[in-house]
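Colleague: whatever this is, show me its structure:
(chains A and B)
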Amino acid sequence: GQQLNQSPQSMFIQEGEDVSMNCTSSSIFNTWLWYKQDPGEGPVLLIALYKAGELTSNGRLTAQFGITRKDSFLNISASIPSDVGIYFCAGRPIGNQFYFGTGTSLTVIP
Amino acid sequence: GAVVSQHPSRVICKSGTSVKIECRSLDFQATTMFWYRQFPKQSLMLMATSNEGSKATYEQGVEKDKFLINHASLTLSTLTVTSAHPEDSSFYICSAREGAGELFFGEGSRLTVL
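Modeller: Next up, the predicted model:
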């Protein structure tokens, strides 16, 4: 199935730094979701977005639904060691199907 | 958020045997469940979409006779890997939808075929 372009593929940052990642698609989406996956676990939903331009926060995490409806961004402020993991975006155009980003692997150096 | 439980979390089996993995939505009715396969350090690969009471829709390249999916109730879907071989070893994850909203994932099942 279709995969979304997610970047960066990996990040190595110092504890306390802010993190930004994004996903883009070639088609318009109605829903954007952001997940975090720890090794050996299933993805856990972080933030859900439903409207173009929507900006939603969950603690130190903030995500935005792009105005063009073809992209979404996730920011993590003041990173901490437990932020380590793989972050996935998921988008849904009209219909039932969700498409996933290729993932961003985050490493936080204490 | 809604809870999706997957069982077993780890299974080791001999080549040629069949393995069943269960996916349950614990606090909501999931009309649609999805099954994925994930290789190390890669994204989720959708295998099939399962609608309650009807046959699963398989993605291109996924053998429906190899990966049997049953969605008999609004809270349970099962994936059976038939006549498993070492190349079937992988991390299998299910997800479920609550209405038209978010997608919630199970904890994943690590299958190792010896």
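Colleague: what sits against the residue lying closest to residue B:75 once chain neighbours are set aside?
Modeller: Nearest residue to residue B:75 in three dimensions, chain neighbours excluded: residue B:25, at 4.9 Å (C-beta to C-beta, 6 or more residues apart in numbering or on different chains). Using the backbone N, CA and C atoms, a C-beta is placed for each residue, glycine as well. The contact partners of residue B:25, by C-beta atoms under 8 Å, 6 or more residues apart in numbering or on different chains, come to B:2-4, B:33, B:74-76, B:96, B:98, B:104.
Colleague: wait, what's in contact with the residue in chain A that chain B sits nearest to?
Modeller: Residue of chain A nearest chain B, by C-beta to the nearest C-beta: residue A:42 (4.0 Å). Counting by C-beta under 8 Å, 6+ apart, residue A:42 touches B:4, B:6, B:93, B:95, B:105-108.
Colleague: number of nearby residues for residue A:29?
Modeller: Residues lying near residue A:29 (other C-beta atoms under 10 Å in any protein chain shown) number 25.
Colleague: quick check: phi and psi at it.
Modeller: The phi and psi values for residue A:29, taken as degrees, to the nearest 10, are phi -110, psi 150.
Colleague: hmm, it is touching residue A:95, no?
Modeller: No: with contacts counted by C-beta atoms under 8 Å, residue A:29 stays clear of residue A:95, the gap being 10.6 Å.
Colleague: quick one: residue B:5 and residue B:27 touch, right?
Modeller: No: with contact defined as C-beta under 8 Å, residue B:5 does not reach residue B:27; the gap is 10.0 Å.
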